[in-house]
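Trainee: Show me the folded form of this:
(one chain, ligands or ions: 1)
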Amino acid sequence: MIPIFMPPEFSPSPQTLINFWLSLLRNFGPLFIILKFFLLIDLRSDTVTRPTPGMMKAMMEASVGDDVFMEDPTVNELEKKVHELFGMEAGLYCSSGTMSNQIAIKCHTQPGDEVICEREAHVYIYEGGGIAFNSGSQVRAIAGDRGRISAQQISNAVNPDDVHKARTSLVCLENTSNRGGGSCYDFEEIKKIRKVCDEKNLLLHLDGARLFNALVARKESPGMYGKIFNSISVCFNKGLGCPSGSMLLGTTSFIHKARRIRKLFGGGMRQTGFLAATAMYALEHHVERLAMDHAHAKQIAETLGTNPKVSTILPVETNLVIFGLIPGKDPKKFVDEMKAAGILLLPISETSLRMVTHLNVDSSMVDKVCTVLKEIR
Ligand SMILES: Cc1ncc(COP(=O)(O)O)c(C=O)c1O
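Mentor: Below you'll find the model as predicted:
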């Protein structure tokens, strides 16, 4: 039996100490883990959310079937709901945003083609070299403005019809832009980009992992996007708070091809209606509330602006706050100081850090973050 309270004069052997901590963990471990979860404010990403009780209930009550046989009623219902919402012909439920982007690129390109995107686009820097690996295509990465590229830049980047050059076949946009700090495209620019694509015979894909954030922030409708893009990927596992899943949208023939490639990539899931039910729930309950995440992000950015350690903050348009520290200040130390106060941040380069607001961050937590930001000077 190891004593819980040790008298000051008691000097235990190392083995006794190990036993003491092991017994504490054994008896109170789960409690510590639960407490830690509730005490920490996790701003590293909007992918860290836990399903709400309503979402769990929707999961438990979902009707399911084999989705590879296209017999899962909840997946079928979700695909129909989302493609109709965007005014597109068909949808394909995929396990992740990476998978739906990679399937789209595979469908739209031939090996040896060139794909135009911004130099910090997720499809380029965060999908494991997937464009080369899965599609055998190369990337023309353009330096844009906070993750966004213009119609003129795209037009300039298209290769001429020359045997020496790769065939430019696809443009990928990202809205909102992750590395751009949640920046949104100006819809007029997207229309110009579509025009360039039509003139130059290019297809246009949208990585809309956080498209719902853009729609809420800009007061735009899904249908506006459905009319413009050849394919769209929207994620449910970010701002919408689902455990997993994304929807790839396009024409019926595109989705037919995409379904084959999803299987080829090992992405054919079976009774995945349990997950699709979370997306159905989120579309009803978690879209409008994104405006609150955006307000929270702005509040955090305003307080950050008063911290003398902070040099730059990217303009906040949605739920991401990306900032840099003044020369000589170590981002890792800043992260550690915040962590000691129960707040988790993500360093995203040698000089910059990220905070993301989401479903599991409420106003009182944001107030606490701001208080801590005022103290860490
Ligand atoms: C812009 C963007 N696209 C795609 C993805 C990939 O999504 P997933 O993590 O579901 O593969 C992410 C993930 O953070 C993202 O930020």
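
Trainee: List the contacts of the residue of the chain found nearest the ligand.
Mentor: For the chain, the residue closest to the ligand is residue 97, as judged by C-beta to the nearest ligand atom, at 2.6 Å. Placement of C-beta: from N, CA and C, glycine included. Residues in contact with residue 97, defined by C-beta atoms under 8 Å, 6 or more residues apart in numbering, are 122, 207, 209, 233, 235, 237, 238, 246.

Trainee: so of those residues, which ones are in strands?
Mentor: In this view, the contacts of residue 97 that belong to strands under DSSP state E are 207, 233, 235, 246.

Trainee: sorry, back to before: tell me, which of the contacts of residue 97 make contact with the ligand?
Mentor: Applying C-beta under 6 Å from any ligand atom, the subset of these adjacent to the ligand comprises 122, 207, 209, 235, 237, 246.

Trainee: Leaving out the residues flanking it, which one is nearest to the second one?
Mentor: This means residue 207. Leaving out its chain neighbours, the residue that sits closest to residue 207 by C-beta to C-beta, 6 or more residues apart in numbering is residue 174, at 4.4 Å.

Trainee: Residue 244 is in contact with residue 49, correct?
Mentor: No. Under the criterion of C-beta atoms under 8 Å, residue 49 makes no contact with residue 244, lying 11.4 Å away.

Trainee: okay, now the residue lying closest to residue 165 once chain neighbours are set aside: neighbour count?
Mentor: Nearest non-adjacent residue to residue 165, counting by C-beta to C-beta, 6+ apart: residue 159, 4.0 Å away. The tally of other residues near residue 159 (other C-beta atoms under 10 Å) stands at 16.

Trainee: Who are the contact partners of residue 159?
Mentor: With contact set as C-beta under 8 Å, 6+ apart, residue 159 has these partners: 114, 140, 165, 166, 167, 168.

Trainee: With secondary structure, pLDDT and distance to residue 321 added, can I get those residues in a markdown table?
Mentor: Shown next, in a markdown table, are the contacts of residue 159 (DSSP: H, G, I helix; E, B strand; the rest coil; pLDDT from 0 to 100; distance: C-beta to C-beta, whole Å):
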| residue | secondary structure | pLDDT | distance to residue 321 |
| --- | --- | --- | --- |
| 114 | strand | 98 | 34 |
| 140 | strand | 98 | 30 |
| 165 | coil | 98 | 40 |
| 166 | coil | 98 | 37 |
| 167 | strand | 98 | 39 |
| 168 | strand | 98 | 35 |
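
Trainee: Between which two of those is the distance greatest?
Mentor: The most widely separated members of the contacts of residue 159 are 140 and 167, with 11.5 Å between them, by C-beta to C-beta.

Trainee: If anything else comes up later, I'll come back, but that's it for now.
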